[in-house]
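Asker: predicted model and sequence below, questions to follow.
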Amino acid sequence: MMDEAGAAGSSRAIDEDVGSVLVELVPTSGGRGKFSQTDKNHQPTQPHLFDENNPMMIVSIRGRVIYICCFFVVFLISILFRVHGFADQHIHSTVESPSTCTAQTPRIKTMSENDEPNPPVWPDSVMIFSPPANASEAKQIMDRIQPTQDPILKWEDFSDNPLPDGYPKETFMSGNHFVEERWALLFTPGDYKGVDFEIGYYVQMLGLGSKADDVTFVECKKGPFISALEKFTVRPPNGLGLDTFWRSAENFATAPSDGMKWVVSQAAPLRRVHIHSNLHLSERDAYVSGGVLANAVVEGTTDFGGQQQWISKNVHFKQKAVNGAWNLVFVGCTGDLPKASNGIVKSLSVTIDKSPRIRVEKPFIALEQDTNGAYNDRFVLRVPPVTKGADAVGPDLSGCKDDVRSFTRVKLGVPSSKSDHALAAKENNESLQAALDEGKDLVLSPGIYFLLEPLVLRKPHQVLLGIGLATLVAPKNGSPCVRVESKTPGVRVAGIMLEASVQDKRNDDNGSATQNVDGIASLFEWGSPDVTDDNGDPDFPGVLTDIFVRVGGSNPDRSVSTDVMVRIHSSNVVGDNLWLWRADHVKLRDGELPNFPHISPHYWQVVKDECKVKNGLVVNGHNVTMHGLFVEHTEETQTIWNGNDGMVRFYQCELPYDVSLDFADNGFVGYKIHEDVVRHDAQGLGIYSNFRDYNVESVTAIKHPIGDNVAIKIKNPFTVKLGNQGMIRTVVNGMGPGPQGFSFRISRHDTDGEL
């Protein structure tokens, strides 16, 4: 998203800083009813009185009777609380009392000659840090990270004039927007005192503990952070947050004195974090278009500021969540949430789903622990379980129920170093596919992987995980980057970028063997269009997490293309944070001047017939769930839903800027549910228009079937006219008002849908 007509919101400065509780009572690994005092790392400080492994245990009938009675009293009290309506205040045990579950030894099959080295041989794009012993070592950490940060422009290098009041002395810039470098910053467990750093483009910061609190940033001003860019050149001194894409952080705790700043837009998730301070999701009056916060605890106030839209998933808000511009969605969240609102009276809609039908957290890498909980230098892949019902509500930062897999059965992918893209693609496919076919999981290290044919996942419960924004460039014959074979339950694909290439089907060395059977080009395929009985497994669904797809951007050749970005043919698939983006702006060629310099002097603005793609997402399977779906700028209908029992929580969509009047004449829309669908539930949907080049007047934003036996729920839908020409005339099926000039550009339709 490049348009600067986003909502302006003021971030309120909040000075409170909530510290962490260092001593607490927590359930232990020995079983229900066993408690011990813990230190700040949540390690037991004394043996458990009722632990049968404690040699000092006193075995007495009286003791056991007292223990059993106490247990039943607690049980009865919990029942009374539920009877009197306190169930809605339930907080997952890992929020109030992070679990000291027994260290899980990894699943290791019999050693074989095909085992992978553990620890793996990490490439230079992966930096591993240990806790600093003093301020000098903390500075060394920050100095190592500095080259991965966004470039800095100082005021004295920008202007000869004195620094104006309210201006910062320096600002981060957007010069790395389309670079090829990728980075992963890995932090081993411990306290990182006085370590502050910005997370730049194509950088992922990862804690290596089994629990989020095992890696903690303390006695720091900022800790890991992201701020607005271009504060001297874009609406100074506010800057711009609309471009802070393609970066992420997860699995750590932080206690910055200034509060945690995470000023982002799409493709910049913050996951599995414990924030012991306030959280600022915007900065001053910088425009921002986020975003995703998932599986987190925020001890202080969460300020959405001027965020146009945001989804919070399984977050516990200890204090208020305030502000926001157009669309806030809360899924499985607990704590001090804002009041639900349809946004009719005020511009902000708030959608709250208290009981999501399913929750599956993202796989992550960590260091291995021995049976005593001590970390060693070997790595594991941790795969969180599928949860439903009460377990799908609130955060879980403990890792107690993770499936822990040794890296001896995990292939670490490293992109080919060959400069010839065709040779690199052949080498990438050979090494990566061989590991997948052996049944290994695959972790892709940071880098760009050219592909000759799709990576195919054929084994149940297999994991493909990218770190450091690992990027797969599609084969040139229309084949997808990744294909999950039909009827393969429990597969997880997470943390990867997919990029379109210039198609040349004449040079397909493999004939049509790797192409989709229906001849439609795509970048990701789950299942196959010719398999109509792929029902999936509701207990072991397929899962897509943090998948960022783009057609155009870094490639100066604007003939890159595909037909559809992502297609889901299988049933029982879960999506969590997908951004499917046809580029509205791309990298300038060497010596090229921008075509719309008043929009941006840095990029070429995509025009008609460049970076071609028809649709972002096509869903053919049933019982498909999406939490956080972003689809933008495709040339026809953005999202097409053909399967029954689809469920969407949060949808953000921008219609293309460059299309002609044919877009409206052909009835293309932002979200279409097929006429044969009888059940669908979508909530918190925003479709925006910014018809730059033609005066397009789209009839409606959302289309769905209507009938006596049709149960379609569309809750809190709205449209926004961001600027320029044309409009979206109605919100849903020709109903709901259109924009009334720029001052009343937000249009909502009350569908009376309720949870």
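Answerer: Thanks, I have it. Residues are numbered from 1 along each chain as shown.

Asker: tell me how far the ends of stretch 171-191 are from each other?
Answerer: 28 Å (CA to CA, to the nearest Å).

Asker: tell me the contacts of the closest residue in space to Glu181 that isn't next to it in sequence?
Answerer: In this structure, Glu181 finds its nearest non-sequential neighbour in Tyr202, 6.3 Å apart by CB to CB, 6 or more residues apart in numbering. For glycine as for every other residue, the C-beta is placed from the backbone atoms N, C-alpha and C. Applying CB atoms under 8 Å, 6 or more residues apart in numbering, we find Tyr202 in contact with Asn176, Val179, Glu181, Arg182, Trp183, Trp246, Arg247, Pro446, Gly468, Leu469.

Asker: type out the ChimeraX command that picks the buried ones from those residues.
Answerer: The buried residues among these can be selected in ChimeraX (16 or more other CB atoms under 10 Å) with this line:
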select :176,181,182,183,246,247,446,468,469
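
Asker: looking at the contacts of Tyr202, which are in strands?
Answerer: Trp183, Arg247 (DSSP state E).

Asker: okay if I get the contacts of Tyr202 as TSV plus pLDDT?
Answerer: Converted to TSV, these look like this (pLDDT from 0 to 100):
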residue	pLDDT
Asn176	98
Val179	97
Glu181	98
Arg182	98
Trp183	98
Trp246	98
Arg247	98
Pro446	98
Gly468	98
Leu469	98
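
Asker: a markdown table for the contacts of Tyr202, including distance to Ser347?
Answerer: Below are those laid out as a markdown table (distance: CB to CB, whole Å):
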| residue | distance to Ser347 |
| --- | --- |
| Asn176 | 34 |
| Val179 | 36 |
| Glu181 | 39 |
| Arg182 | 38 |
| Trp183 | 38 |
| Trp246 | 29 |
| Arg247 | 28 |
| Pro446 | 39 |
| Gly468 | 37 |
| Leu469 | 33 |
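
Asker: that's a strand at Val731, yeah?
Answerer: Yes: applying DSSP: H, G, I helix; E, B strand; the rest coil, one finds Val731 inside a strand.

Asker: three-state assignment of Ser431?
Answerer: Applying three-state DSSP: Ser431 is helix.

Asker: one more: the one 5 residues further on?
Answerer: Secondary structure assignment for Leu436 (three-state DSSP): helix.

Asker: surely it and Val463 touch.
Answerer: No: Leu436 is beyond contact range of Val463, at 10.2 Å (criterion: CB atoms under 8 Å).

Asker: more neighbours, the two?
Answerer: Val463 (23 against 19; other CB atoms under 10 Å).

Asker: which residues sit in contact with the residue lying closest to that one once chain neighbours are set aside?
Answerer: With CB to CB, 6+ apart as the criterion, Val463 has its nearest non-adjacent residue at 4.2 Å, and that residue is Asp441. With contact set as CB under 8 Å, 6+ apart, Asp441 has these partners: Leu381, Arg405, Arg409, Val410, Lys411, Gln462, Val463, Leu464, Leu465.

Asker: and Asp441, how far is that from Leu523?
Answerer: According to CB to CB, to the nearest Å, Asp441 stands 22 Å off from Leu523.

Asker: cool, and Val531?
Answerer: For Val531, the distance to Leu523 (CB to CB) stands at 20 Å.

Asker: same thing with Met205?
Answerer: Using CB to CB, Met205 is found at 26 Å from Leu523.

Asker: what do you get for Pro538?
Answerer: In terms of CB to CB, Pro538 sits 27 Å off from Leu523.

Asker: more neighbours, the two?
Answerer: Neighbour count, other CB under 10 Å: between Pro538 and Leu523, Leu523 has more, with 30 against 14.

Asker: list the residues that contact the residue lying closest to the more buried one once chain neighbours are set aside.
Answerer: Once flanking residues are discounted, Leu523 sits nearest to Leu498: 4.5 Å by CB to CB, 6+ apart. Residues counted as contacts of Leu498 (CB under 8 Å, 6+ apart) are Thr471, Leu472, Ala474, Cys481, Val482, Leu523, Phe524, Ile547, Phe548, Val549, Arg550, Met565.

Asker: equivalent analysis for Ala249, please.
Answerer: Ile199, Gln204, Met205, Leu206, Pro224, Leu270, Arg271, Val273.

Asker: any idea which of those is closest to Val573?
Answerer: Arg271 (19.7 Å; CB to CB).
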